[in-house]
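S.K.: can you look at this prediction? I've put the sequence above it.
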Amino acid sequence: MKLLVTGGAGYIGGVVAAQLVEAGHEVTVLDDLSTGHADAVPPGARFVEATITEAADVLPGTDAVFHFAAKSLVGESVERPGLYWAHNLGGTLALLDSMRAAGVGRIVFSSTAATYGEPERHPILETDPTRPTNPYGASKLAVDTALTAFARLYGLAAVSLRYFNVAGAYTAADGRTYRERHTVETHLIPNVLAVARRLRESVGVFGTDYPTPDGTCVRDYIHVADLARAHLLALDACSEGEHRIYNLGNGTGFSVTEVLSVCREVTGHEIPAVVRERRPGDPAVLVASSEKIQRDLGWKPERASIREIVADAWAALPR
Ligand code: UFG
């Protein structure tokens, strides 16, 4: 199939683009390189450096769009909400209009656990209330709402995948490795591993007074290779006039302290950690139920162990 991957020079978009190329699809990556890296685009894909509002030129003849391009820093979204609404909602609406004009009827959208906000129970089901606590989550939820409307009104075939905590690295069949390398790194595992690699002196632990067994936040970590594979299944599941939403996690929570100790075991480094204030807006626990995608699409995580996720991220970090 002829596929467009927006944000395909980013961490997750790059892995999905690589898996799509490996599966024999004809892939075009559209990315403005505002946060992505040109060398994260897989060699078998065509690369167009442009924003999603400029997608009209590349869309004709496309069978489906994988939409990753977005602003994704929770903290920044609180400081600059307008930027998040403009890029994540405004940009996506422009993309959806261009898709309609070009007759492209299928989209797989990169949604997020942040659409749920502070959950009432665990694991979180897709039918649970969506009450985002920051503009990032709100803007992604608004896109999910728009996709439902476009499916009803215009027959769009859409699947939203709500990611929990994505980590690890992917090595493609050609030996290339795709890893997380954000210029502004907010995520726990890369920050911890940067200490082991002596790129930082210590890592902050944001809050030890949460209502969790050890007082630190609990998250559901999912391997980027497992996550990416779900996108290929979602493409096959796209059905005209239907918008499906699936959570993607492993269904098991690990605390910040537990992740730290796994990172220490895997790297053999001491990894000094310093207790800091809570980070505003962090829910105490976020754990997904991914039963729906397992049941509907037959998705199964193959690298569910936190040790394997950390080991792959560590092996991919340049020496
Ligand atoms: N943490 C630290 N130190 C760090 C980085 C993170 O203690 O240096 C803690 C955080 O406070 C949190 C946990 O580690 O408790 C995980 O934090 P991440 O930043 O790795 O991930 P988040 O759970 O904050 O973010 C994820 C997704 C976001 C999404 C969010 C929803 O990456 O895209 O879940 O809450 F918006």
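M.R.: Structure received.

S.K.: helices of the stretch 201-319 of the chain, start to end?
M.R.: 224-237, 256-267, 291-297, 306-316 (DSSP state H, counting those that start in this stretch).

S.K.: for the ligand, find the nearest of those helices.
M.R.: helix 256-267 (4.6 Å; Cβ to the nearest ligand atom). C-betas here are computed from N, CA, C, even on glycine.

S.K.: near the ligand, anything from stretch 189-202?
M.R.: Yes. For stretch 189-202 and the ligand, the contact criterion (Cβ under 6 Å from any ligand atom) is met by Asn191.

S.K.: endpoints of that stretch, how far apart?
M.R.: Chord length of stretch 189-202, first to last residue, is 13 Å (Cα to Cα, to the nearest Å).

S.K.: contacts for that stretch next, please.
M.R.: Stretch 189-202 is contacted from outside by 167, 180-182, 185, 203, 221, 259-260, 263, 267, 269, 271-274, 309-310, 313-314, 317, using Cβ atoms under 8 Å, 6 or more residues apart in numbering.

S.K.: what is the mean pLDDT for it?
M.R.: Mean per-residue pLDDT for stretch 189-202: 97.

S.K.: and that stretch, what's buried?
M.R.: Using 16 or more other Cβ atoms under 10 Å as the test for burial, stretch 189-202 gives Ile189, Pro190, Asn191, Val192, Leu193, Ala194, Val195, Ala196, Arg200.

S.K.: mean pLDDT, mean neighbour count and distance to Ile52 for the helices of the stretch 201-319 of the chain - can I get that in a markdown table?
M.R.: Shown next, in a markdown table, are the helices of the stretch 201-319 of the chain (pLDDT from 0 to 100; neighbours: other Cβ atoms under 10 Å; distance: least, Cβ to Cβ, whole Å):
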| stretch | mean pLDDT | mean neighbour count | distance to Ile52 |
| --- | --- | --- | --- |
| helix 224-237 | 98 | 21 | 17 |
| helix 256-267 | 98 | 19 | 33 |
| helix 291-297 | 98 | 16 | 25 |
| helix 306-316 | 98 | 20 | 28 |
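
S.K.: now render those as JSON lines, adding distance to the ligand.
M.R.: JSON lines is the format used below for these (distance: least, Cβ to the nearest ligand atom, whole Å):
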{"stretch": "helix 224-237", "distance to the ligand": "12"}
{"stretch": "helix 256-267", "distance to the ligand": "5"}
{"stretch": "helix 291-297", "distance to the ligand": "18"}
{"stretch": "helix 306-316", "distance to the ligand": "12"}
